[in-house]
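Participant: Sharing a sequence plus its predicted fold:
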Amino acid sequence: MEEQKNKKNVAMVAIAVTATIGTELAVTTLLGFYGGKILDDKLGTDPAFLVAGVLTGVAIGILGIIRTMQRFFK
């Protein structure tokens, strides 16, 4: 009985970490995309800030994933 409860808890933690990682990467990438698009529209620099924003968002998302994984495996 106790073993089944423990397996269920481990599964729930794994689902939570996976959801956190996916959400974190998606949100930071979208923020970078929309931030870059707004800057491009205001400054008239067609894809420059959009590309930079997406790359920055992905980089920040990856750093967040690394921190999440470090906390998970601690």
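Facilitator: Thanks, I have the structure now.
Participant: quick one, longest helix in the chain?
Facilitator: helix 2-43 (DSSP state H).
Participant: Which elements pack onto that one?
Facilitator: helix 48-72 (3 or more Cβ pairs under 8 Å, 6 or more residues apart in numbering; DSSP states H and E). For the C-beta atoms, the positions are set from N, CA and C on the backbone; glycine is no exception.
Participant: Could I get the buried residue list for the helix it packs on?
Facilitator: 49-50, 52-54, 56-57, 60-61, 64-65 (16 or more other Cβ atoms under 10 Å).
Participant: Can you say which two of these are spatially most distant?
Facilitator: Comparing every pair within the buried residues of helix 48-72 by Cβ to Cβ identifies Phe49 and Ile65 as the most remote, at 23.9 Å.
Participant: Quick check: nearest residue in space to Leu55, chain neighbours excluded?
Facilitator: Gly32 (7.3 Å; Cβ to Cβ, 6 or more residues apart in numbering).
Participant: Lovely, talk soon.
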